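A.B. asks: give me a 3D structure for the following:
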Amino acid sequence: MRIHFISIGGAVMHNMAIALHKKGFVVTGTDDEIYEPAKSRLANYSLLPKEMGWQPNIISKDIDAIILGMHARNDNPELLKAQELGLKIYSFPEYMHEQTKDKLRIVVGGSHGKTTTTAMILHVLHYHKIEFDYLVGSQLEGFETMVGFSKTSKIAVFEGDEYLTSPIDLRPKFHVYQANIGIITGIAWDHINVFPTYENYLWQFEKFAKDIPEDGAIIYCASDAEVNKLLVQTEIGCKKIPYETPAFSVENGKFSLPTSVTGLPSTLQLSFFGTHNLQNMMAAKHACIKAGLNQTQFFEAIASFKGTAKRLETLKETPDSLIIRDFAHAPSKLKATVNAVRELYPERKLIAVYELHTYSSLNKDFLPHYKDTLVQANVRAVLFSKHALEVKKMPMLDPTDVANGFGEGVKVFTDKNEMRKFIEAHYTGKENLLLMSSGTFDGMPLDF
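C.D. replies: Numbering: from 1, shown residues only. Below you'll find the predicted structure:
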């Protein structure tokens with residue numbers, strides 16, 4: 001089987017290319033730019049293009065399938081050549097479904113918590129040596145790639161992003177996977193460049209739930225008002241499985257669960273923290289039970305789950321301080337992340353820093369949705385890069401509008417060096433420092 005990737009350098013695309021190569025497929029790919037770590041990882045498997053740029057001359061009839069990345073445009077010369085030759089063209093979600101169409105597909109959807117919930121399911125299955133195919137949006141401990149295929153597995157677990165599938169397929173990705181078991185962790189308006197109204201955004205989750213077959217199930221967070229309202233009001237043919245925040249305790253910066261499960265201690269200490277992560281855990285539990293495990297097996301495995309890269313990731317820890325990095329970017333994610341760190345050490349001073357980086361966050365009309373998301377922090381700062389706005393071809397923001405959007409007490413910066421000086425003035429080594437961005441803080445070093 002020969003597969004060609006148009007835009008092979010993407011985070012998921014290069015992982016899929018490596019996964020298919022390891023499965024024995026003949027893989028080629030092109031891109032107009034490839035950055036680290038994708039560049040080194042592709043090179044390690046001899047999959048890195050010899051030169052950058054689109055090469056329509058290498059598109060030929062002996063290619064069995066083209067996989068089209070979201071980074072490519074609909075006038076991409078390789079895409080046009082493939083269409084002219086009548087080749088099979090897939091987006092990566094379509095190809096994930098193609099590879100797993102005879103398996104039980106568990107798809108994790110929601111405005112926040114998708115990556116962590118998916119990672120929890122994968123961790124538990126991996127712990128019990130159960131084979132599975134998977135797609136997850138972060139690098140996980142014990143997993144070489146973010147995409148994996150097995151020739152003998154009967155289960156596939158996907159992180160189900162609601163963003164668009166490809167330049168020529170404007171469906172949300174999680175519709176394409178055709179879930180047998182679906183999860184909705186939470187709903188809070190995001191991606192306003194694609195879903196201009198909240199009603200349009202909400203409908204994507206309604207369709208996701210309605211598309212699940214009658215012998216499947218939709219697992220949903222009843223603690224989330226929007227999700228609960230949607231699932232209560234919507235007629236769905238499959239089984240509905242609600243979950244809420246379980247009872248827990250916090251002592252010396254550790255979260256614990258009381259348990260009455262056979263074979264487990266009466267109190268189970270966890271290696272992760274935060275109310276929203278406890279909710280994610282409950283979603284993962286129901287999914288794993290649907291995959292054939294029991295509660296004892298689930299909790300035995302989940303106790304050793306430590307989280308994922310850039311999701312409440314501890315960069316530095318001392319007896320008096322934590323420095324934590326998180327991928328949070330949407331308002332609901334910011335609030336949940338700040339609250340999680342506050343819950344961990346309620347008496348310790350908390351410095352929360354956030355970078356506006358996505359299309360939604362850099363939109364002036366969307367800024368009021370961030371109101372009071374940082375309020376649980378003692379020191380609050382927000383950075384946005386003028387260069388990022390120029391690259392995205394968006395109107396320039398006024399720092400005053402950003403400050404007003406976030407609410408009282410938030411310091412706004414447009415220069416990463418000034419932001420770093422601000423952090424250094426407040427961080428003495430006896431506070432918790434929370435750094436939140438889906439970007440890189442415009443290249444600001446995080447070695448505090």
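
A.B. asks: from the centroid of the chain, which residue is nearest?
C.D. replies: Centroid check for the chain by C-alpha atoms, centre = their mean gives residue 115 as the closest residue, at 4.1 Å.

A.B. asks: got the contact list for that residue?
C.D. replies: Residue 115 makes contact with 136, 137, 138, 159, 308, 311, 327, according to C-beta atoms under 8 Å, 6 or more residues apart in numbering. For glycine as for every other residue, the C-beta is placed from the backbone atoms N, C-alpha and C.

A.B. asks: so it sits in a helix?
C.D. replies: Yes: Residue 115: assigned to a helix according to DSSP: H, G, I helix; E, B strand; the rest coil.

A.B. asks: check for me that residue 21 belongs to a helix.
C.D. replies: Yes: checked against three-state DSSP, residue 21 lies within a helix.

A.B. asks: now it. Nearest residue, chain neighbours left out?
C.D. replies: Leaving aside its chain neighbours, residue 21 sits nearest to residue 27 (4.6 Å; criterion: C-beta to C-beta, 6 or more residues apart in numbering).

A.B. asks: phi first, then psi, for the one you found.
C.D. replies: For residue 27, the backbone dihedrals are phi -120, psi 130 (criterion: degrees, to the nearest 10).

A.B. asks: that one: neighbour count?
C.D. replies: For residue 27, the neighbour count with other C-beta atoms under 10 Å is 24.

A.B. asks: looks like it contacts residue 1 (just checking).
C.D. replies: No: checked against C-beta atoms under 8 Å, the pair residue 27 and residue 1 is beyond contact range at 9.3 Å.

A.B. asks: give the contact list for residue 138.
C.D. replies: If you count contacts by C-beta under 8 Å, 6+ apart, residue 138 has them with 115, 119, 146, 308, 309, 310, 311, 327.

A.B. asks: so how far is residue 11 from the third one?
C.D. replies: Residue 146 sits 7 Å away from residue 11, going by C-beta to C-beta, to the nearest Å.

A.B. asks: likewise the first one?
C.D. replies: As judged by C-beta to C-beta, residue 115 and residue 11 stand 12 Å apart.

A.B. asks: shared neighbours, the two?
C.D. replies: residue 137.

A.B. asks: so which of residue 146 and residue 11 has more stuff around it?
C.D. replies: residue 146 (22 against 15).

A.B. asks: circling back to that earlier point, who touches both of residue 146 and residue 11?
C.D. replies: With C-beta under 8 Å, 6+ apart, residue 146 and residue 11 have common neighbours residue 137.

A.B. asks: returning to that earlier point: reformat the contacts of residue 115 as CSV; add pLDDT.
C.D. replies: Putting the contacts of residue 115 into CSV (pLDDT from 0 to 100) gives the following:
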residue, pLDDT
136, 95
137, 86
138, 86
159, 97
308, 85
311, 84
327, 89
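
A.B. asks: got TSV for those, with distance to residue 222 and secondary structure too?
C.D. replies: Shown next, in TSV, are the contacts of residue 115 (distance: C-beta to C-beta, whole Å; DSSP: H, G, I helix; E, B strand; the rest coil):
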residue	distance to residue 222	secondary structure
136	25	coil
137	25	coil
138	26	coil
159	21	strand
308	24	strand
311	23	strand
327	25	coil
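
A.B. asks: so which of the residues you listed is the closest to residue 254?
C.D. replies: Using C-beta to C-beta, residue 311 comes nearest to residue 254 of those, at 18.2 Å.

A.B. asks: okay, now that closest one: neighbour count?
C.D. replies: Residue 311: 22 neighbours (other C-beta under 10 Å).

A.B. asks: next one: residue 197
C.D. replies: 10.

A.B. asks: ok, residue 409 next?
C.D. replies: By the criterion of other C-beta under 10 Å, residue 409 has 13 neighbours.

A.B. asks: hang on, isn't it packed against residue 382?
C.D. replies: No: applying C-beta under 8 Å, one finds residue 409 not in contact with residue 382, separated by 11.2 Å.

A.B. asks: so who does the closest residue in space to residue 24 that isn't next to it in sequence touch?
C.D. replies: If the residues on either side of it in the chain are set aside, residue 24 comes closest to residue 1, at 8.0 Å by C-beta to C-beta, 6+ apart. By C-beta under 8 Å, 6+ apart, the contact set of residue 1 is 24, 25, 26, 64, 65.

A.B. asks: most surrounded residue in these?
C.D. replies: Going by other C-beta under 10 Å, residue 65 tops these with 19 neighbours.
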